[in-house]
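In: Sharing a model prediction with you, sequence too.
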Amino acid sequence: MKIHFIGIGGIGVSALAQYYLAKGHQISGSDLAVSEITEFLQKKGVKIFIGNSVENINPNFNLIIHSPAVKPDNLEYKKAKEFGIKTLSYPEALGELTKEYYTIAVSGSHGKSTTTAMTALVLIKAGLDPTVIVGTKLKEFGNSNFRAGHSKYLVIEACEYDSSFLNYEPKIIVVTNIDKEHLDYFKTFANVKKAFKNFIARLSADGFLAFNIDDKYPPKVRKNKFKSMGYSVKQKEAGKLKKILRVPGMHNVSNGLAALIVARILKIKDEITFKALSEFKGTWRRFEIKQGKVGEKDITVISDYAHHPNEIKATLNAAKEKFSENKIWCVFQPHQRQRTYYLFNDFVKTFRSAPINNIIITDIYDVAGRETKKISVKISSKKLVKKTGKKNIIYMPIDNLEKFVKENITDGDVLIIMGAGDIYKLADKF
């Protein structure tokens, strides 16, 4: 088959492209800009087009798969419709795959990528040879977000945005937590909780639910046809995980416990699970540590994807725990004006109570297709910094960051570069 992907640089879409490539199909794709992901796919043999153009679409394509961010007025999408080519969104296409496999879907407002990675690595260690689609890159997968397996098992990261996960038909669902996230789409927290409830309801009688008892809003699991199992950082295995995990923080202990529950459902021995989790190297931009240099000064650089107040809190607490003797700096790039607007007071509260003393907030990263003019004029990083009312929290334009860090950081300091936008590029400067 000839398959074309619109928005192929997306973390989920790119993984699905690799799935079809591994199955021997002819793959092409377009995206608005060159990225690490598009370059990676190109090296694997995918034909990449930068920019949307009707010329990228021809009637010989058997299938068009597009990012959920692609609108009906997209040039390539419209051309595909004119040709009568079958078109599916990424969640619809992944949903079709979930019907063909014994699917384990990891959902939750936070911790999905790490928990998906942990679960996948446990299954690999146990010899279950899963196919894996995850929303981050793993060293164990050759710095890829995809692994081609040859068994009946499929492990996926199931995102709630746009109610995408309602397309999936898993045998096992993990819910790491439910939080006020993606309010630009859901509008209210009640709608977020309803979406998770509807997702869980997709489990059949022989299905399993693994959920976090410690969460403020655990799923209501009474009188359900499927089996449910809770996990908590208060259970005895948590202490062992805390000792063996290379990734710091109690939130990662919780993620590890979720993987343990899935392993037990699949009858994998605990000793195999603990061995796999002890070897887990972490994921791309999730507390990713490297040693950096600023002139003659040696520093530790942590690149982290946290962009929600509760994720920021977890990351900063983990950094303080791991580097308690070091001076810690944090450079944060807010992600999306609507998220910053809806969670403004939560951001203020998180930064006011942060356990570190040097915080720099740069301009908000605008997300194409997900911003509104009405909100854009109401919100800014300057307003966020001013509202915290703390002298140790400052605003700085992104172009000034490298110079500021080089002039102010000292030998032995820890620099956290945080956000889901393009701020990660700053980590490469040191």
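Out: Okay, I see it. Residues are numbered from 1 along each chain as shown.
In: Show me which helix or strand of the protein is least confident by mean pLDDT.
Out: Here the helix or strand of the chain ranked lowest by mean pLDDT, DSSP states H and E is helix 373-376, holding a mean of 66.
In: what's whatever helix or strand comes next after that helix in contact with?
Out: Proceeding N to C from helix 373-376, the next assigned helix or strand is helix 381-388, under DSSP states H and E. Contact partners of helix 381-388, identified using Cβ atoms under 8 Å, 6 or more residues apart in numbering, comprise 334, 340, 344, 347-348, 351-352, 361-364, 393-395. Placement of C-beta: from N, CA and C, glycine included.
In: so after helix 381-388, what's the next helix or strand?
Out: Using DSSP H and E, the helix or strand that follows helix 381-388 in sequence is strand 393-395.
In: Check which residues of that next one are buried.
Out: Neighbour-count burial for strand 393-395, counted by 16 or more other Cβ atoms under 10 Å, picks out residue 393.
In: And stretch 233-241, by the same measure?
Out: 233, 237-238, 240-241.
In: Endpoints of it, how far apart?
Out: In stretch 233-241, first residue to last residue: 10 Å (Cα to Cα, to the nearest Å).
In: ok, residues contacting it?
Out: So stretch 233-241 is in contact with 214, 232, 250, 253-254, 256-257, 260, 270, 274, 277, going by Cβ under 8 Å, 6+ apart.
In: before we move on, the earlier item: make a ChimeraX selection of the buried ones in the contacts of helix 381-388.
Out: Here is the ChimeraX selection string for the buried members of the contacts of helix 381-388, based on 16+ other Cβ under 10 Å:
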select :334,340,344,347,348,351,361,362,363,364,393
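In: From the contacts of helix 381-388, which land in helices?
Out: Mapping the contacts of helix 381-388 onto helices (DSSP state H) picks out 340, 344, 347-348, 351-352.
In: would JSON lines of those with pLDDT and distance to residue 153 be doable?
Out: Output for the ones in helices among the contacts of helix 381-388, formatted as JSON lines (pLDDT from 0 to 100; distance: Cβ to Cβ, whole Å):
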{"residue": "340", "pLDDT": "93", "distance to residue 153": "39"}
{"residue": "344", "pLDDT": "93", "distance to residue 153": "42"}
{"residue": "347", "pLDDT": "96", "distance to residue 153": "39"}
{"residue": "348", "pLDDT": "96", "distance to residue 153": "43"}
{"residue": "351", "pLDDT": "96", "distance to residue 153": "41"}
{"residue": "352", "pLDDT": "94", "distance to residue 153": "44"}
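In: and which of these is nearest residue 415?
Out: Residue 415 has its nearest neighbour among the ones in helices among the contacts of helix 381-388 in residue 351, at 16.9 Å by Cβ to Cβ.
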